[in-house]
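In: Need coordinates for the following:
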Amino acid sequence: MTIAVFDPFSGAAGDMVLGALIDIGLDVDQLQAGLQALPLTGYRLEVIHTSQHGINGAHVNVVIDGDQPQRDWAAIRPMIAESQLPEPVRQTALAIFGRLAEAEARVHGQPVEQVHFHEVGAVDAIVDICGTALGLYLLDVTEVFSLPPVVGDGWIRAQHGLMPVPAPATAELLAMSSVPLGRALPEGQDARAELLTPTGAAILTTLATFAVPTFTATAVGYGFGSKQLPWPNGLRVWLGERTHLPTHMQENS
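Out: Next up, the predicted model:
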């Protein structure tokens, strides 16, 4: 059985997750063909193979063509549930999006059905979340694990004004799942930025177990974000298999 182990040493965002899966072997043509099962138009997936600080990886852009309607969770849920995506992919995507909507509802004090995703953000989130669910399915991943995520520091400007990092929805997602937070930024670096986004947090907190087992890695990939930082702004992922230690080693570990 194939497992995926994420290392969010510079946080995670939906596009970084997709980029990491593509870099590790997810076929882009298969991904794009599979996403056509969604009743979603007016966008295209742009994949750029690039490098940061000497490390090769993939960067993904969801390019929006023209206007998009406003969408809330009540509209997005049937879009995914009634799509022609494979059943396991639909269920995974609904679980991730549902957790994101629940966190947003808690932050804003409103019913979950009324949680609103602005025009571009809704398309980004739909593609990133459904693409991740489909990508893991196509890669035959049966279990997902993650190291503790790095969240970043400073402030971001959101629809309601300045917000502290992590963003309120990200903080809620971490609290809902009792997720441990990751190591500090590299010593001597003071780059203030949002590293873990709500979509990235929703994907990891829904899918991953934050206790990495011993495993044998067979491949490693990197998905890069758009921010330029003093270190590689990437999400690392390993594919591999669980390592079954001899009994005497298990007792001493």
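In: Which of the helices or strands spans the spatially closest residue to residue 103 that is not a sequence neighbour?
Out: Nearest non-adjacent residue to residue 103, counting by Cβ to Cβ, 6 or more residues apart in numbering: residue 172, 4.1 Å away. Every residue, glycine included, has its C-beta placed from N, CA and C. Element membership for residue 172 (DSSP states H and E) is helix 168-176.
In: now that helix, how far from the chain's geometric center?
Out: The chain centroid and the centroid of helix 168-176 are separated by 14 Å under Cα atoms, centre = their mean, to the nearest Å.
In: Going by neighbour count, list what's buried in that helix.
Out: By 16 or more other Cβ atoms under 10 Å, the buried positions in helix 168-176 come out as 168-174, 176.
In: how about a markdown table for these, with distance to residue 236 and pLDDT added?
Out: Formatted as a markdown table, these follow (distance: Cβ to Cβ, whole Å; pLDDT from 0 to 100):
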| residue | distance to residue 236 | pLDDT |
| --- | --- | --- |
| 168 | 27 | 91 |
| 169 | 24 | 92 |
| 170 | 20 | 95 |
| 171 | 23 | 95 |
| 172 | 25 | 95 |
| 173 | 21 | 96 |
| 174 | 20 | 96 |
| 176 | 25 | 95 |
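In: Among those residues, which one sits closest to residue 211?
Out: Closest approach to residue 211 among these (Cβ to Cβ): residue 174, at 15.6 Å.
In: and the end-to-end length of stretch 99-117?
Out: End-to-end distance of stretch 99-117 (Cα to Cα, to the nearest Å): 14 Å.
In: which residues sit against it?
Out: 70-74, 76, 98, 125, 129, 168-169, 172-173, 176, 198-199, 202, 205-206 (Cβ atoms under 8 Å, 6 or more residues apart in numbering).
In: Mind checking which of those residues are in helices?
Out: With DSSP state H as the criterion, helices contain 73-74, 76, 98, 125, 129, 168-169, 172-173, 176, 198-199, 202, 205-206 from among the contacts of stretch 99-117.
In: which regions of the stretch 51-200 of the chain lie under the pLDDT threshold?
Out: For the stretch 51-200 of the chain, the stretches flagged by pLDDT under 70 are 118-121, 160, 187-190.
In: Show me where it has its strands.
Out: For the stretch 51-200 of the chain, the strands defined by DSSP state E, counting those that start in this stretch occupy 55-64, 71-72, 116-117, 141-146, 155-158, 161-164.
In: name the helices or strands packed onto the fourth one?
Out: Just to be clear, that refers to strand 141-146. Secondary structure elements in contact with strand 141-146, counted by 3 or more Cβ pairs under 8 Å, 6 or more residues apart in numbering; DSSP states H and E, are strand 2-7, strand 208-209.
In: Cool, thanks, talk later.
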